[in-house]
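Asks: Give me a 3D structure for the following:
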Amino acid sequence: MRQPLSLQTPHLSDYPELAQVWEDSVRATHNFLPDAYVRLLREHVLYRYLDAVMLVCCKNRQRICGFAGVASSRVDMLFVAPAYRGQGVGRRLLRYAINELNAETLDVNEQNLQALGFYLHEGFEVVGRSPTDGLGQPYPLLHMRLRGTGQCSGD
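Replies: Presented below is the predicted three-dimensional model:
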């Protein structure tokens, strides 16, 4: 029997688990990133990025299944533990980000076709492209906006 999932605000003590969910998710979906870069990004996630966003996590009784982070109406993070992919966790987190945290835009790695398909299915459209990621590395980003909303801040 599947345990019920709840949305909640994570605590500072949850950050190591959030970073592990991030890493597990990235390793399952971002096979274009070298291992050393994933390790570097994990440190940024744990010590910088989590504090820079409004966080919400999806949790069962024992563990965090996924989380989202929003800043300035933009989904900066949405990661789901591999064991919970395809079970509505990402959709639930995204809907919360849109409806409760006023998210309208996001960036997605161009090479992450599964995430791109998910966001298109959830009502986002591509409005721009950058040839590099946020750290200037050659991993192109697609800028997306929720259809029917204002201009994309990522342009």
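Asks: what's the helix or strand for Phe149?
Replies: Residue 149: Thr, not Phe. Secondary structure from DSSP states H and E places Thr149 outside every helix and strand.
Asks: distance of the nearest residue to it once chain neighbours are set aside from Val75?
Replies: Leaving out its chain neighbours, the residue that sits closest to Thr149 by C-beta to C-beta, 6 or more residues apart in numbering is Glu104, at 4.2 Å. C-beta: built from backbone N, CA, C; applies to glycine. For Glu104, the distance to Val75 (C-beta to C-beta, to the nearest Å) stands at 9 Å.
Asks: Check the residue positioned nearest the centre of the chain and give its pLDDT.
Replies: Taking C-alpha atoms, centre = their mean, the centroid of the chain lies closest to Leu78, which sits 1.7 Å from it. At Leu78, the model reports a pLDDT of 98.
Asks: Helix, strand, or coil at it?
Replies: Secondary structure state of Leu78, per DSSP: H, G, I helix; E, B strand; the rest coil, is strand.
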